[in-house]
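In: Need a 3D model of the sequence below.
(chains A, B and C)
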Amino acid sequence: MQLMRFARSTLGLKIIVAVTGAIMIGFLLLHAYGNMHIWFGAEEINDYSYWLREFGQHLFGYGGFLWIVRVVVGGALIVHVITVVALIRRNRAARGSRYRKTSRRKRIIIGLTMIFSGALILTFLVLHILQFTTGTIQPTPFHEQDGMGIVYINLYQAFQVWWIAWAYILAVAIVGIHIYHGAWSVFQTLGWNNADRNNLFRHIAAALAIGLFLSFASVPVMFWTGVLPEPPSMSQTQQHTQDHGSVEATRQ
Amino acid sequence: MISLTLHIWRQNGPDDTGRFQTHRMTDIDPDISFLEMMDLLNEQLMADNKEPITFDSDCREGICGTCSMVINGRAHGPGHLCTTCEVRMRQFADGDEVWVEPFRSRAFPPVKDLMVDRSAFDRIIQAGGYITVHSGPKPEPNANPISHPVAEEAMDAAECIGCGACVAACPNGAAMLFTSAKINHLNLLPQGQPEAISRVLGMVDQMDKEGFGACTNHAECQDACPKGISIKFISAMNKQYVKATLIEPNERRGRLESQ
Amino acid sequence: MNLDARIPDGPVQEKWSRHLEHAKLVGPNNRPKYDIIVVGSGLAGASAASSLAAQGYNVQCFCYQDTPRRAHSIAAQGGINAAKNYCEDGDSVYRLFYDTQKGGDFRAREANVYRLAQLSHNIIDQATAQGVPFAREYGGMLANRSFGGVLVSRTFYCRGQTGQQLLLGAYQSMQRQIHDGKLTMHTRCELQDVVVIDGRARGIVVRDLITGEIRSHAADAVVLASGGPGNVYFKSTNAINSNATATWRAHERGAGMANPCYVQIHPTCIPVSGNFQCKLTLMSESLRNDGRVWVPRKKNDDRPPQSIPEDERYYYLEERYPSFGNLVPRDVASRNAKIVCDDGFGVMGEGTRAVYLDFKDAIAERGRSTIAERYGNLFQMYEDITDESPYETPFRIYPAVHYVMGGLWVDYNLMTNIPGLYAIGEANFSDHGANRLGASSMMQCLADGYFVLPQTIGDYLHDIFRDKVSTDHPAFSQHEQDVRERIGRLMGIGGTQTPLSLHRKLGETMWEHCGMARTAEGLKQCISDIGQIRDEFWKDLRVPGTADGVNQPLERAGRVADFIELAELMCRDALERDESCGCHFREEHQTEDGEVVRDDERFGNVTVWEYTQKGSPHIKHEEAIDFDLLKPMTRSYK
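Out: Residues are numbered from 1 along each chain as shown, chains lettered A, B, ... in the order given. Coordinates of the predicted model:
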């Protein structure tokens, strides 16, 4: 009953938005960590993509852990969006008539545009998954092996196309902006904020926003500028996979 | 002496749609207050056999919280840490155009012209913004020492004048700053502890019932607050709300639940 | 007119406790059968309404504001006195009694003042329990500061917003009773008449300020807590809507008006700056704790204050009153400011009369941060208004009308001479004599509301509930009719002058002739001026719009009409009190160095005025004051 009361109140809804947002920030940090493997070449990133599936496989089976993450983050995303929509409806109703003239501080532009940045990010997210995870849309050919995309080659090919590279840079910039307000809001909404910590929290939010932006944007930038070399041929990749398999075998 | 063009919101009653009316004021002494300028304008309107502008004001020294205008898009006008009645004409430049509107929010229904109904705030207080005591003998106050910083922080929250500028300035028409200030004033003090949980539950529920919006952490309210009340109190209220709804056992929620 | 004060027998110290022991009570099961109306929701009204409702009575409270929390008690800044003796500096109940009696220049009832001093303890306990965040020392104990007219530190405070916090405490208690359904609040309602049936107060007629509806409310007792009439002077520190309508209409229905000439002029206000000003802003008296008052020794000195050397500064309060210095009572400080300005020593900035209140020494001695912590909000307020920072340049201050000690006559139970009609707080006359000391108005309001009235009202109520009266009684419709006619008259004059302009005229003549110094000649002039203003008012007033909706000029017109009547009575009272006492300074009665000279033989009493009928002069009555504990003496702060 208390849970229902909580989930119906504006405060409860806000806290749900904050918690689900925090979960997604956590996921982004993991994702960014994974992406960084690419700086060290095709082998590293492809290894990582196997590792993701092998992690905890005794408990969850091959790829099980990854599915748990996907369910948790996907669930958080759905709840985040539904709650935000509910809050926006309440807020619109509460606002009533609009002022003829408003004068607002500049800082809050980011806050006021959360809904737009959120919607853009949601669109980007869908396209991103369709492109690199499922291969449903293929502006550039999608290479697949062992039931999953081959990360390095797919990325390389995609980011040789100028508009895809730019679209990704723009998209992750929007993610950064959304996180700048969102991350600080998590601290504020969950009740950790006070006058002494406020600056720290603002800095953490800024660091998260900039850090995530740089790490995500580095991928298209490095492929586009050629810092990351053309991928090894398909056969080399297969060779590598065999090696990888034998390592697994040795371990077992 | 300065001259201004004033666009003032006129609305004949809650059902009227309302419109702006433009007035030109000349030879305004920059040392007079904004409301004295409004008084002068009303005197002129009456001299011209027109109906004067209805607006709320009482103490005219920034403490009663009665005055409630949005001047040029800012609740309580261009000043910082001051109410409309404390705004002086020297804060405007000669030839300025000034837009004067009422506090707008669904929970503050309009009454007439610039006057709105803020009784929703009273109902939030009725839902728990008090400490239950009778006027019989009380313990000696010094028997329960309160450290200086805690007393000061409670006072920071208690300074709220209930003017509603936080709601007027909030893009979502939220009353979080008001409600949190009132909750924290009492919940910070040892005297407030016995009813702390029912207080936060009751007041937050009532705030929702009145139709106020949700916080999106813009801190516009803090900027508009004539008493400089910090949004840290909103944060503290959230924490107490989580504790009250999800952590405390049912039997501790007090009399609100038994009704 | 029955003016039996019903002061209990016995030594002064025991009167209140004996009175309580013998007071008649209403049992808890019977209290819900009684209806009580409280008019006004300031400290007195809110505390009375919440306490009565908590006891179980059905209470209806009325205020003209949009919420009870906005009553003008909220503007009280400095603090509230209590004889707690926390500072161990020689304070006691007797000392507080002594200071208040002496401060009031021996024109208050001893029994009332002593009771007030006794109850001062309970107020602090009550307010603390309600969550009023009084200033605390680092050890967690309550902090004190000192105020004018006393030699001890007994003032409790919440920064510069003590009134706000105390009012919020009372307001919150009210809201709790509203939540429980014991108290009904009628906001944006203004009292128009008191209904007296068979000699007893039975209800009121109000005007709903939003719909314009004229409504009656019946009750078993009516409590007026409607504040004071300082706005008679147009420019005062009162809220612009504060008015005397409730007390004046009660007076017209037979309640005696006592000592209306006792008007406190507060010494530390921001000087008048222009013709259009309608409100003066008070700077808390607590500033005189650390600030030093001075004027240049040279007449019409127009140098900026910083460039006037120390030996050319006239610290007139410190020189003339060495033992109290800057902390002399308000009437003394105000009068001296007037004298130095009259003599040409005033600071003539921008054509205003003013003196300096300087924090230079305090900042040098205690540091800017300490001063900022103590008075920061007041400094800020001053800077917002005048555009000058008191940290850099001294405050310019001048006295302004602040409080009226006179009011409806009440007995020891706080009941007026109309049975069932009570007056509490500033609306009554009882505790402050001819001058009120700082930090004691809130003390009186809360003592009346929390502790006195709730325990004395049973004495009247216990035997009346069998003959209940409802609003169906013809007297109510008759009163409503009177009110409608009166409003119709105001609306129908159709002249040229606005209520505000007539109000300003009234204020100007009152300030000139019935202000800080009064003469027989001036007062007669004032009475004739008032007669003229009254004629203009009823012939040439213009109220726009209609009476059936929000109409702020109409509200003001009704108030000004009553101010005009009251002003005349104030002048008459001032004229007939042919002595000086406290704030009532008749220039004919002063010592060589300008101190007041009382005439205890002829005027050691309370003047109570009885209203007869429209246009006829009031009848004067007197209530003698007994001095058992403290004999009147010359009041010296030298």
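
In: could you give me the average pLDDT of stretch C:167-177?
Out: The average pLDDT for stretch C:167-177 rounds to 97.

In: any idea how far chain A is from residue C:419?
Out: Note on residue C:419: its distance to chain A, by CB to the nearest CB, to the nearest Å, is 50 Å. From N, CA and C alone the C-beta is placed, and that goes for glycine too.

In: Residue C:78 now?
Out: Residue C:78 is 28 Å from chain A, by CB to the nearest CB.

In: How about residue C:407?
Out: With the distance defined as CB to the nearest CB, residue C:407 ends up 44 Å from chain A.

In: And for that residue, the neighbour number?
Out: The number of residues packed near residue C:407 is 30, by other CB atoms under 10 Å in any protein chain shown.

In: and if you look at residue A:98?
Out: Neighbours around residue A:98, by other CB under 10 Å: 10.

In: Contact partners for it?
Out: Shown in contact with residue A:98 (CB atoms under 8 Å, 6 or more residues apart in numbering or on different chains): residue B:104.

In: cool, the one 5 residues further on as well?
Out: Contact analysis of residue A:103 by CB under 8 Å, 6+ apart lists B:72, B:73, B:74.

In: Give me the phi and psi for the first one.
Out: With angles defined as degrees, to the nearest 10, residue B:72 shows backbone torsions of phi 50, psi 40.

In: Neighbours of it, how many?
Out: 18.

In: quick one on the thing from earlier: closest to chain A out of the contacts of residue A:103?
Out: Distance to chain A, by CB to the nearest CB, is smallest for residue B:73 among the contacts of residue A:103, at 3.6 Å.

In: Isn't the closest one up against residue B:98?
Out: No: applying CB atoms under 8 Å, one finds residue B:73 not in contact with residue B:98, separated by 10.4 Å.

In: gap between the residue in the stretch 51-200 of chain A positioned nearest to chain C and residue B:230?
Out: Nearest to chain C, among the residues of the stretch 51-200 of chain A, is residue A:195, at 16.8 Å (CB to the nearest CB). Distance of residue A:195 to residue B:230, computed by CB to CB, to the nearest Å: 6 Å.

In: that older thread, between residue B:73 and residue B:98, point out the one with more neighbours.
Out: More crowded of residue B:73 and residue B:98, by other CB under 10 Å: residue B:98, with 19 against 16.

In: Skipping adjacent residues, who's closest to whichever residue of chain B sits closest to chain C in space?
Out: Residue of chain B nearest chain C, by CB to the nearest CB: residue B:145 (2.6 Å). Leaving aside its sequence neighbours, residue B:145 sits nearest to residue C:140 (CB to CB, 6 or more residues apart in numbering or on different chains; 2.6 Å).

In: now do residue C:501
Out: Per CB to CB, 6+ apart, closest to residue C:501 is residue B:43, 7.1 Å.

In: Who are the contact partners of that neighbour?
Out: Shown in contact with residue B:43 (CB under 8 Å, 6+ apart): C:498, C:500, C:501.

In: What of residue A:144?
Out: Applying CB under 8 Å, 6+ apart, the residues near residue A:144 are A:135, A:150.

In: Over to residue B:196?
Out: B:186, B:187, B:240.

In: Let me have those residues in TSV, extended by neighbour count.
Out: Output for those, formatted as TSV (neighbours: other CB atoms under 10 Å in any protein chain shown):
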residue	neighbour count
B:186	26
B:187	22
B:240	23
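
In: if we look at chain C, which of these are close to it?
Out: The residues of the contacts of residue B:196 that also fall near chain C, by CB under 8 Å from any CB of the partner chain, are residue B:186.

In: hang on, isn't the residue nearest to residue B:145 packed against residue B:141?
Out: No: applying CB under 8 Å as the test, residue C:140 and residue B:141 come out as separate, 10.2 Å apart.

In: So these two - more neighbours on which side?
Out: Neighbours per residue, other CB under 10 Å: of residue C:140 and residue B:141, the larger number sits with residue B:141, 25 against 14.

In: Grab the nearest non-local neighbour of that one.
Out: Closest to residue B:141 by CB to CB, 6+ apart is residue C:128, at 3.9 Å.

In: for the host helix or strand of that neighbour, packing partners?
Out: Per DSSP states H and E, residue C:128 falls inside helix C:110-129. For helix C:110-129, the packing partners by 3 or more CB pairs under 8 Å, 6 or more residues apart in numbering or on different chains; DSSP states H and E come out as helix C:15-22, strand C:80-81, helix C:93-103, helix C:162-179, helix C:441-446.

In: Buried deepest among the ones you listed, which one?
Out: Mean neighbour count, computed with mean count of other CB atoms under 10 Å in any protein chain shown, is highest for strand C:80-81 among these, reaching a mean of 31.

In: Would you mind checking the average pLDDT for that strand?
Out: Here the average pLDDT along strand C:80-81 is 96.
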